[in-house]
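# Fold the stuff below for me.
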Amino acid sequence: MTTPNLPQTPELFNLTPGAVPSIPGPMFRVRAAFVAALVALAGCNGLSLRKADGGSALDSMQSVMRLHTAGPATREYLSRTNANRDFFFDPAIAAERLGVPETAEGRLALAELCELAGREAEFWSPSKALNYYLDAAYYSSRALFDDDGITLERRADAADLYNRAVARFLRKSAGRKLLPGDDWQRKLEQQEIAVQVRRDDSVWTPEPFDELKFADDYMAIGVPARRRDGLGVPLLAVRKRWWRDPERQAAPEKFFTPVQVYPVTAILRFLPPDRPGRPPAMLELHDPVRFDGVEYAYRKVPLAADFTTPLVYQVTQSDLDRITYIGLVNPQTEEHKTGLYLTHPYERGKIPVVLIHGLWSSPKTWTRTLNDLRADPAIRNRYQFFTFQYPTGNPFITSAAQFRAALRDVRDCYDPDKTDPAWDQMVIVGHSMGGLIAKTMVTSSDDAVWKIVSPRPFEDLKADAIQKAYFQETFFFQPNPSVKRVVFVATPHRGSMLGNNWVGQIGDRLIRRPNVLVEAHDALIRDNGDKFFTDTFLAGVPSSVRLLKMHSPLLQTVNELPYAPNVARHSIIASVAPVPVDMSTDGVVPYESSHLENVNSEKVVTGNHACLDQADTIEEIRRILLLHLEEAQKQARR
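I've put the predicted structure just below:
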């Protein structure tokens, strides 16, 4: 049955049949026991971001006392040119007397003197410091790309010196906040410093962002640092909005989270000289996710990158912990945050991978996975990642309806004429309850799911147009033709003991059903009568936890739905103990529930239900994505 293209509004998708009264009183001890049990089952990745100890105070003191010194190669060069005495007393004087050497080794020595002079000048003449740092960047770049026989070790020194000089220039020119726009350029012009900012489609422009931050100022805790050595200064581009900001309510802005943080790499490119001395410079803000390298002095050089710090900054600055906790026990308050979100600006031609979190969770659970996968150029250059965020207290079948609508909306926004073949190679990865949502994208319901609600034909339902359209969207679905592969991670296809034991019973009672559900349930029974519905429907609104009981009617029905024939399926299953596989469990979902017959692959990893941080799990997802690329390329050649 074809479903209508419905608007995604909180009122529409909050409708779920039935209701239960909320429990009066705080029930503090019960809630504490429930949360403690969930923590024990789900684990915690300890993700955080700290300010890095850059030793700035010590560095400043050393600069004032002239304790910084040039490297051995530069000192040897100065000794050969009789400039060592000048350097000892004042690196600025030594640089002036050295002039502009003809050799790469000499220019590199000059660049190092300029950097030292800039450090000292920061305290006595900031404008001079800026000029010294520009000189250091210019002469080190000339030495780096000179062909006169400089050693590889000295080329590495030149690259490091260039990056340090650019970083120091940006720090000292920034003032209280780095945002290299028109005001920044005007302030430099007042100091007779000529630096342009490149603005075109191949680079970031500073205007959309609130601030640029230095990646080196932070240290990510809980995930391995994924960086790439190369030319440039890694930065964080930060943009913050509010969830209910009017501009966020329409596409394409609604496909981005309010807190957006992207990796940026800054380089200074010196324009062709039109007079003696240092030529004007151009600041370029490159996207290291989009480009692995940059052309500089007619050569392709690697672009430095920090992939981890921007990701962790965004996750820790967002309200994902609130979504995790409140989205479970009071989903109505977090409903407006439901959506499909890009992790990086959209790129046509890259295959979408959608990551769906599970119960009592949020997109934060994918941080380690995203961090590792995007650090792999084979993955980064061919895929783009989305996350689907939803309050997990709602029934998964309701969240699945929202997900279907979001998939339609995002393609209508970015590929309205359906001409990008990458969209039709979509991969969905679902963890835990997220795997159940993913399953509804690749199966056909016919009227099997509706029969859990009513034995009568859907056409006989008496309801207003909005309610009836909602039920049709929720209980009748067909495979999304864009989805070609699905990965189930610790998915309770047949349920979880969490739904049956005391933890699940407490959780079901604690989860508040939105008021709109109570009103919808009462109206439907009033208009259609008790006999129209099944006992399951009449029992009230099921919470997400109640639906996850072992062998619940909905899970049994969904588990028996037919899959689309052209969709590859993979299972990743965790086992907490070294026992026979068919007797294993991840602590939440037993193997008998997470196992599927006739899948393309099944990987059992050692660990608990919260296995997304484990290297084996991430490596298996990576293997599947590389396999998907290989098979997609074969299909394209046919």
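# all contacts plus neighbour counts: C-alpha atoms, from now on.
Will do.
# Convert the C-alpha atoms of the longest strand anywhere in the chain to PDB, please.
Looking across the chain with DSSP state E, the single longest strand is strand 259-270. C-alpha atoms of strand 259-270 as PDB (Å, rounded to 0.1, in the frame of the first residue of the first chain):
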ATOM      1  CA  VAL A 259      25.600  22.600  17.500                       C
ATOM      2  CA  GLN A 260      27.800  22.000  14.400                       C
ATOM      3  CA  VAL A 261      31.500  21.600  14.600                       C
ATOM      4  CA  TYR A 262      33.600  20.800  11.500                       C
ATOM      5  CA  PRO A 263      37.300  20.100  10.900                       C
ATOM      6  CA  VAL A 264      39.100  22.900   9.100                       C
ATOM      7  CA  THR A 265      42.700  23.300   8.000                       C
ATOM      8  CA  ALA A 266      44.100  26.700   7.500                       C
ATOM      9  CA  ILE A 267      47.000  27.500   5.100                       C
ATOM     10  CA  LEU A 268      48.600  30.700   4.000                       C
ATOM     11  CA  ARG A 269      49.300  30.900   0.300                       C
ATOM     12  CA  PHE A 270      51.600  33.600  -0.800                       C
END
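# what's the following helix or strand after that strand?
Next helix or strand after strand 259-270 toward the C-terminus (DSSP states H and E): strand 281-286.
# Show the subsequent helix or strand relative to that following strand.
Next in sequence after strand 281-286, counting helices and strands by DSSP H and E, comes strand 293-296.
# Report the buried residues of the following helix or strand past that next one.
The helix or strand immediately downstream of strand 293-296 is strand 299-302, counting by DSSP H and E. Judged by neighbour count using 16 or more other C-alpha atoms under 10 Å, the buried positions of strand 299-302 are residue 302.
# and the next helix or strand after strand 299-302, which strands flank it?
With elements assigned by DSSP H and E, the helix or strand that comes after strand 299-302 is strand 305-306. Strand 305-306 has the following strand partners under DSSP bridges: strand 227-228 (antiparallel).
# picking up where we left off before, between strand 281-286 and the longest strand of the chain, find me the angle.
140 degrees (axes from the mean of the first three to the mean of the last three C-alpha atoms, to 10 degrees).
# Does anything pack onto strand 259-270? Which helices or strands?
Under the contact criterion of 3 or more C-alpha pairs under 8 Å, 6 or more residues apart in numbering; DSSP states H and E, strand 259-270 touches strand 233-240, strand 281-286, strand 305-306, helix 308-317.
# So what touches it?
Strand 259-270 is contacted from outside by 137-138, 166, 204, 231-241, 279-289, 296, 303-307, 310-311, 313-314, 317-318, 344, using C-alpha atoms under 8 Å, 6 or more residues apart in numbering.
# Run the angle between it and helix 308-317 for me.
With the same axes, to 10 degrees applied, the angle from strand 259-270 to helix 308-317 works out at 150 degrees.
# tell me which residues of strand 259-270 are tucked away?
For strand 259-270, burial by neighbour count (16+ other C-alpha under 10 Å) applies to 259-270.
# who's in contact with the residue nearest the centre of the chain?
Closest residue to the average C-alpha location of the chain: residue 343 at 4.0 Å, with C-alpha atoms, centre = their mean. Residues in contact with residue 343 (C-alpha under 8 Å, 6+ apart) are 256, 384-387.
# any idea how far residue 614 is from it?
Distance of residue 343 to residue 614, given as C-alpha to C-alpha, to the nearest Å: 21 Å.
# likewise residue 495?
For residue 495, the distance to residue 614 - C-alpha to C-alpha - is 23 Å.
# Comparing the two, which shows the higher neighbour count?
residue 495 (27 against 15; other C-alpha atoms under 10 Å).
# what about the residue nearest to the more buried one when sequence neighbours are not counted, distance to residue 579?
Spatial nearest neighbour of residue 495, chain neighbours left out: residue 550 (3.9 Å); criterion: C-alpha to C-alpha, 6 or more residues apart in numbering. The spacing between residue 550 and residue 579, counted by C-alpha to C-alpha, is 21 Å.
# More neighbours: which of these two?
Higher neighbour count among residue 550 and residue 579: residue 550, with 21 against 10, using other C-alpha under 10 Å.
# List the contacts of that one.
Contacts for residue 550 (C-alpha under 8 Å, 6+ apart) come out as 494-497, 499-500.
# Taking those together, which two end up most distant?
Within these, two members stand farthest from each other by C-alpha to C-alpha: 494 and 500, at 12.3 Å.
# Could you work out the most separated pair of the buried residues of strand 259-270?
Largest pairwise distance in the buried residues of strand 259-270, by C-alpha to C-alpha, is 33.7 Å, between 259 and 270.
# what about residue 463, which SS state?
Following DSSP: H, G, I helix; E, B strand; the rest coil, residue 463 is assigned to coil.
# Kindly tell me how buried the closest residue to it other than its chain neighbours is, as a neighbour count.
Among residues not flanking residue 463 along the chain, residue 524 sits closest, at 6.6 Å (C-alpha to C-alpha, 6+ apart). Using other C-alpha under 10 Å, the number of residues around residue 524 comes to 20.
# How much space separates residue 524 from residue 224?
Taken as C-alpha to C-alpha, the span from residue 524 to residue 224 is 52 Å.
# what does residue 124 give?
Distance from residue 124 to residue 224, by C-alpha to C-alpha: 40 Å.
# same check, this time on residue 106
39 Å.
# Surely residue 228 and residue 303 touch.
Yes: contact criterion C-alpha atoms under 8 Å: residue 228 and residue 303 qualify, at 7.4 Å.
# Compare those two (neighbour count), which wins?
Ranked by neighbour count (other C-alpha under 10 Å), residue 228 and residue 303 place residue 303 first, with 24 against 16.
# Can you classify residue 347 as helix, strand or coil?
Residue 347 - assigned by three-state DSSP - is coil.
# That one contacts residue 384, correct?
Yes: using C-alpha under 8 Å, residue 347 is in contact with residue 384, at 7.4 Å.
# Neighbour count: the two, which is higher?
The neighbour count for residue 347 versus residue 384, taken as other C-alpha under 10 Å, is higher for residue 384 (23 against 13).
# returning to what we had before: redo the contacts of residue 343 as TSV? Include pLDDT and secondary structure.
Formatted as TSV, the contacts of residue 343 follow (pLDDT from 0 to 100; DSSP: H, G, I helix; E, B strand; the rest coil):
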residue	pLDDT	secondary structure
256	96	coil
384	98	strand
385	98	strand
386	98	strand
387	98	strand
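# Could you identify the most distant pair in the residues you listed?
Between any two of the contacts of residue 343, the greatest separation by C-alpha to C-alpha is 13.5 Å, found for 256 and 384.
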